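1. missing the sequence, but the structure's below:
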């Protein structure tokens, strides 16, 4: 009898601990703040050619030039010490050729800094030739800077369903030009779950692929005609500009996300007749 009572009490203790732990994790991942908006604080901005600009203040749009980035933490971005990797974000002002010259919120992206596969901290390099994607120093191939989608859609396969993009924060700008974070909903179908991913449909991926293709066509009007789709159901997924010399176009099949076709721009299949 005493033995059974002891087991019963132990099970109750485990259940209470599990419930408390679940609530704590849920509250942690929700990243809710007391206000609807929060200013972004940064100590330095990473610019081209490994230059850094020290600001040690809240960030205005004018502080960041096209093709620059900062590492910040959310929530409570002004507290930069002893932070967790799950609270790290990359704030990126897009390079000019991707629309970063426009002085409004469309020029900025804020993605979780935690890679979805390796859980290493990602980095955006503002150097020309590396400013088209967010890189993981460990094993992941990185992410498209325009929408945070994995450069190689294997993430959607390993994570399941459509969670193939970095979680992101919605941004706005106040009347004084400060960048603000809007309180996120950290679920897969909204802002995403840190370390797991954000749901993105094949249609959404293809829409950004069309933007990348249009930019390439505008920059190189006399180059080969590059199709958005290939026979067999393949869709353009990523454009690697290759410093403008020999860009490569990568296609994937939506029902077999590991099946990729990589095609250089000088491929005979793409040449103008």
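-> Nice, thanks for sending it over. This one's a predicted model, so the numbers in the text were calculated from it and none came from an experiment.
2. Please make it C-alpha for all contacts and neighbour counts, starting now.
-> Noted.
3. since we're on residue 122, how many residues are nearby?
-> 25 (other Cα atoms under 10 Å).
4. Then residue 247?
-> 15.
5. how near is it to residue 232?
-> 23 Å (Cα to Cα, to the nearest Å).
6. Run through the strands of the stretch 101-250 of the chain in chain order.
-> 108-112, 133-134, 143-144, 163-165, 171-173, 179-182, 198-199, 229-230, 234-240, 248-253 (DSSP state E, counting those that start in this stretch).
7. What segments of the stretch 101-250 of the chain are helices?
-> Applying DSSP state H, counting those that start in this stretch to the stretch 101-250 of the chain gives helices spanning 154-159, 202-219.
8. quick one: low-confidence parts of the stretch 51-200 of the chain?
-> For the stretch 51-200 of the chain, residues meeting the criterion pLDDT under 70 lie at 153-163.
9. Leaving out the residues flanking it, which one is nearest to residue 136?
-> Closest residue to residue 136 apart from its sequence neighbours, by Cα to Cα, 6 or more residues apart in numbering: residue 122 at 4.6 Å.
10. Kindly report the same for residue 101.
-> Leaving out its chain neighbours, the residue that sits closest to residue 101 by Cα to Cα, 6+ apart is residue 66, at 5.9 Å.
11. Does the one you found touch residue 91 like I think?
-> No. Contact criterion Cα atoms under 8 Å: residue 66 and residue 91 do not qualify, at 11.8 Å.
12. which of the two has more neighbours?
-> Higher neighbour count among residue 66 and residue 91: residue 91, with 26 against 23, using other Cα under 10 Å.
13. That one - nearest residue in space that isn't next to it in sequence?
-> Leaving aside its sequence neighbours, residue 91 sits nearest to residue 110 (Cα to Cα, 6+ apart; 4.4 Å).
14. what about that neighbour, how many neighbours?
-> When neighbours are defined as other Cα under 10 Å, residue 110 has 24 of them.
15. do the same with residue 133
-> 24.
16. Likewise for residue 74?
-> 25.
17. ok, residue 262 - contacts?
-> 248, 249, 250, 251 (Cα atoms under 8 Å, 6 or more residues apart in numbering).
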